[in-house]
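> need a structure here:
(2 chains)
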Protein chains: 2
Amino acid sequence: MIHVAVLGYGTVGSGVVEVIEKNKDMVNKKAGDELDVKYILDLRDFPGDPYEDKVVHDFDVIVNDPEVGIVCEVMGGVGAAYTFTKKALEAGKSVCTSNKELVAAHGPELIALAKANNCNYLFEASVGGGIPIIRPLNYSLTAERIEAITGILNGTTNYILSKMENEGADFESVLKKAQDKGYAERNPEADVEGHDACRKIAILSSLMLGQHVDSDKIYTEGITKITAKDFTFAKKLGMSIKLLAMSKALEEDKAVAMVSPCLIPADHPLKMVNGVFNAVFVRGNMLGDSMYYGRGAGKLPTASAVVSDVIDCARHMGKVIMCFWDAKEANLVSIDDTSRKFFVRMDNKGENLAKQLFGDIKPVRVEWIEDEFAFITPEMTEKEFATKYASLSDYAYGRIRVEE
Amino acid sequence: MIHVAVLGYGTVGSGVVEVIEKNKDMVNKKAGDELDVKYILDLRDFPGDPYEDKVVHDFDVIVNDPEVGIVCEVMGGVGAAYTFTKKALEAGKSVCTSNKELVAAHGPELIALAKANNCNYLFEASVGGGIPIIRPLNYSLTAERIEAITGILNGTTNYILSKMENEGADFESVLKKAQDKGYAERNPEADVEGHDACRKIAILSSLMLGQHVDSDKIYTEGITKITAKDFTFAKKLGMSIKLLAMSKALEEDKAVAMVSPCLIPADHPLKMVNGVFNAVFVRGNMLGDSMYYGRGAGKLPTASAVVSDVIDCARHMGKVIMCFWDAKEANLVSIDDTSRKFFVRMDNKGENLAKQLFGDIKPVRVEWIEDEFAFITPEMTEKEFATKYASLSDYAYGRIRVEE
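Residues are numbered from 1 along each chain as shown, chains lettered A, B, ... in the order given. Model (predicted):
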């Protein structure tokens, strides 16, 4: 029997207990041993809960119990979660987590600490709860030189953008409805400003490169400025708008990463990723494109991912599972010199100026939006575009990157 | 250094050598040791080939060389490939294969033989060359009770159906063009009759159930009867037509599987899977839906999958990697009692009869196809539909299953 402790009895924590219980036969068969939830750490008590007798308030009970082999850290945050994870690993207990913030901030240190203590730090649930993506990157695409990762990595913003597209509604009104339904947080900044997607692409980029990508150094732009009109013109162009998290391996061991809303063509496979679903596109030098799709979050999908890590740890007690993520910082370059096309929406009065600046553009108009037009620029660097767009500022209503 | 032998120097075999050579740094890092292709078994000689000195014609050279740790069987067929695989495993050499025919026919026996000899029989490349799907099923979705798998598993038929849809062309003319371009075999039966997809869903179903699914017992229908008119009416209904390979776990340890063309809604994620791309949809009881997408075949994608298995074997020399696929035969039930909707295309003259048989149907018509209409039946069992459809036979032009 392998004893498990769950840190945090919130949504994901209770999901972990539920998955281990409900799929007991399958889980134990795959783990090769019986899994038992011995402790649940939470500040609260849960009178009447079927697991109330397992609830403890003191982490030392867990870390000092030699029977505990695996710890699920599903508390979130980088304070106590960080301290507890370190202590657990130092005690030789494997840790499985859904905490993307902690993984993005301290991944390489915790992986190294696990290795030094002959145990494992696994984090399948930290990116795309219901999408197995960490394990495919680590174990499946091993014969590949991964060249690029492009993902829709945040369920809240994808839900908002899908609603805006389908209902012709503006950002603020959709956000409000999403908050009322519980699909968006009361303080939605981490989602709508792209920070959540940024942490996740930092984790995926680190695994792609084998070196640490600092999420603070990733250019990040959210969806708060996207309007119903943007969707109207995008549709006219046969395109959709998604919040993409992207990273590319460049020559000479460099890389570039960003989070930004982007226009994508209607026949792009990511176009189909709607609502709370997420997806990750991976380009390898031999395999070409592959894509992984599933629920981005949610209690049971995320819990299932945590438990799949628990099973992996159970099968590898005392053995270290391969994970290449060095502490050495990856050489992230500025996005300034990267090239792409841009979508611009602007006042009719600026059409001549736009043509002077961007050359042979094709203005697109929508009948019921009289004063405006939109166009897509030729491919140019971010720097060049920024300069030209600034010159248009008297007439411009907005610009969005284009990803083809 | 770990010595590798490649059986068969055809498309995939030369790809395996190319991937190991081109991605040498990455491959050796992930393998934790240097991989060396020591032998290439082929009946032919390859004068001038950079690897000509590695070519041998006698398998005994390979099986009797204690230095060879891993064998890649990329010959195909169930004759010599079966014999060589058994001999290699009996000699304690792990075998990695792209041979879906052999895996579908003798998977459990070869997995058990590998286990008995402390080595591994891996087959990531046998289903969806460029889609990591075997490893996610075996290692990622471990906390799940997998309820259903639905895939587009054959590139040739998907290419043909995509072309028929986009160009309004008929099956025969698209098949001929595909053959001229080398996308379809001169003898296309294994693809267009669904046998290839059938073997692949047999493998995936076996892994889903942990028991052996005999591909001969899977109801299999190909795409040869699909017409341009079917696509015209399907489009009018907002639907597409794909060759789906499907299996479902039922209660009381039963299961049902089939390969059949199906109408799917335009917003189904599998709708986006066009041309030579393939995809596999997996439904778990906790995770809900997840999807895996990539190139279904091709030299380098398939070779990359084989090499990812080689790396896994290299990391597990002398250790057995988990795979649950018992020799015990799964309890596959007939499709007769399963229920779904059906698309029917028929002559206007039979409209009243169709309404008598199927109730409140909504006939759909296309302006330039004067004498015909199409409709979708209510949900009913296969058996009930077959009886009713037979009564329509004087007027019916075709029927296709509907998968929503």
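> the stretch 51-200 of chain A: strands as residue ranges?
A:55-56, A:68-73, A:94-97, A:121-122, A:146-152 (DSSP state E, counting those that start in this stretch).
> check which helices and strands the fourth one sits against.
So that's strand A:121-122. strand A:94-97, helix A:100-116, helix A:299-315 (3 or more C-beta pairs under 8 Å, 6 or more residues apart in numbering or on different chains; DSSP states H and E). C-beta here means a position set from N, CA and C on the backbone, and glycine is covered the same way.
> what of the longest one?
When contacts are defined as 3+ C-beta pairs under 8 Å, 6+ apart, strand A:146-152 packs onto helix A:195-209, strand A:239-249, strand A:277-284.
> let me have the strands of the stretch 51-200 of chain A in JSON lines, adding mean neighbour count and mean pLDDT as columns.
Shown next, in JSON lines, are the strands of the stretch 51-200 of chain A (neighbours: other C-beta atoms under 10 Å in any protein chain shown; pLDDT from 0 to 100):
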{"stretch": "strand A:55-56", "mean neighbour count": "17", "mean pLDDT": "98"}
{"stretch": "strand A:68-73", "mean neighbour count": "27", "mean pLDDT": "98"}
{"stretch": "strand A:94-97", "mean neighbour count": "28", "mean pLDDT": "98"}
{"stretch": "strand A:121-122", "mean neighbour count": "30", "mean pLDDT": "98"}
{"stretch": "strand A:146-152", "mean neighbour count": "23", "mean pLDDT": "97"}
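> format those strands as CSV; extra columns: distance to A:Ile226.
Below are these laid out as CSV (distance: least, C-beta to C-beta, whole Å):
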stretch, distance to A:Ile226
strand A:55-56, 44
strand A:68-73, 34
strand A:94-97, 32
strand A:121-122, 35
strand A:146-152, 14
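> so which of the ones you listed is nearest B:Val78?
With C-beta to C-beta as the criterion, B:Val78 lies closest to strand A:146-152 of these, at 34.8 Å.
> picking that back up, which of the helices and strands packed on strand A:146-152 sits most buried?
Highest mean neighbour count among the helices and strands packed on strand A:146-152 (mean count of other C-beta atoms under 10 Å in any protein chain shown): helix A:195-209, with a mean of 26.
> just the angle between it and helix A:100-116, please?
Counting by axes from the mean of the first three to the mean of the last three C-alpha atoms, to 10 degrees, helix A:195-209 lies at 30 degrees to helix A:100-116.
> give me the helices and strands touching helix A:195-209, please.
If contacts are counted by 3+ C-beta pairs under 8 Å, 6+ apart, helix A:195-209 sits against helix A:100-116, strand A:146-152, strand A:219-220, strand A:239-249, strand A:254-265.
> and B:Ile218, which of these is closest to it?
Distance to B:Ile218, taken as C-beta to C-beta, is lowest for strand A:146-152 among the helices and strands packed on helix A:195-209, at 34.5 Å.
> assign the residue lying farthest from the centre of chain A to helix, strand or coil.
Relative to the centre of chain A, the most outlying C-alpha is that of A:Asn352, 40.8 Å out, by C-alpha atoms, centre = their mean. Three-state call for A:Asn352 (DSSP: H, G, I helix; E, B strand; the rest coil): helix.
> ok so, going back, distance to A:Ile20 added to the helices and strands packed on helix A:195-209, as TSV?
Compiled in TSV, these are given as follows (distance: least, C-beta to C-beta, whole Å):
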stretch	distance to A:Ile20
helix A:100-116	21
strand A:146-152	28
strand A:219-220	36
strand A:239-249	31
strand A:254-265	34
